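In: Got a predicted structure here, sequence first:
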Amino acid sequence: MAAEELERVRPEFAQRASTALIKQLVDDLLSDKVLNDGEGESILEENPTRADKARCLIDTVRKKGNEASKKMIAHIHKRDSSLHTELGL
């Protein structure tokens with residue numbers, strides 16, 4: 001399941017995802033209605049470090065289930081195909 005895949009790659013995603021990628025993924029997931037405005041703002045503003053933002057993004061999407069997780073994985077592929085491959089997604 002996609003949610004389990006996100007859980008598996010969480011540590012490495014937190015280490016490797018850039019701030020720009022995190023912001024792009026939040027925007028993509030807002031457009032898909034996976035995240036609401038409050039969640040998007042919370043991820044970007046309430047987490048002090050880049051790694052904390054990445055962990056919070058994965059945790060928030062993972063809790064929303066398999067379909068939401070599939071969308072995030074697809075957006076990672078579209079935005080940073082090298083990271084997608086390196087994470088083994």
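Out: Right, received. Where do you want to start? Quick caveat, the model's predicted, so the values are computed rather than measured.

In: Okay, buried residues for the one helix or strand residue 70 maps to please.
Out: Per DSSP states H and E, residue 70 falls inside helix 66-79. For helix 66-79, burial by neighbour count (16 or more other C-beta atoms under 10 Å) applies to 68, 69, 70, 71, 72, 73, 75, 76, 79. The C-beta positions use only the backbone N, C-alpha and C, and glycine is treated the same way.

In: From residue 48, how far off is the first one?
Out: Read that as residue 68. According to C-beta to C-beta, to the nearest Å, residue 68 stands 25 Å off from residue 48.

In: Ok, the second one next?
Out: In this structure, residue 69 lies at 25 Å from residue 48, with C-beta to C-beta as the measure.

In: what does residue 18 give?
Out: For residue 18, the distance to residue 48 (C-beta to C-beta) stands at 16 Å.

In: Compare neighbour counts for the two and give me the winner.
Out: Of the pair residue 18 and residue 48, residue 18 is the one with more neighbours under other C-beta atoms under 10 Å, namely 13 against 8.

In: That one and residue 51 touch, don't they?
Out: No - using C-beta atoms under 8 Å, residue 18 is not in contact with residue 51; the gap is 11.0 Å.

In: circling back to that earlier point, next one: the helix holding residue 70 to chain centre, how far?
Out: 8 Å (C-alpha atoms, centre = their mean, to the nearest Å).

In: neighbouring contacts of whatever helix or strand comes next after that helix?
Out: With elements assigned by DSSP H and E, the helix or strand that comes after helix 66-79 is helix 81-86. Taking contacts as C-beta atoms under 8 Å, 6 or more residues apart in numbering, the residues outside helix 81-86 that touch it are 12, 13, 16, 17, 21, 73, 76, 77.

In: want to throw the residues you listed into JSON lines with pLDDT and distance to residue 43?
Out: Converted to JSON lines, the contacts of helix 81-86 look like this (pLDDT from 0 to 100; distance: C-beta to C-beta, whole Å):
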{"residue": "12", "pLDDT": "98", "distance to residue 43": "18"}
{"residue": "13", "pLDDT": "98", "distance to residue 43": "13"}
{"residue": "16", "pLDDT": "97", "distance to residue 43": "17"}
{"residue": "17", "pLDDT": "98", "distance to residue 43": "12"}
{"residue": "21", "pLDDT": "99", "distance to residue 43": "13"}
{"residue": "73", "pLDDT": "98", "distance to residue 43": "17"}
{"residue": "76", "pLDDT": "98", "distance to residue 43": "15"}
{"residue": "77", "pLDDT": "98", "distance to residue 43": "20"}
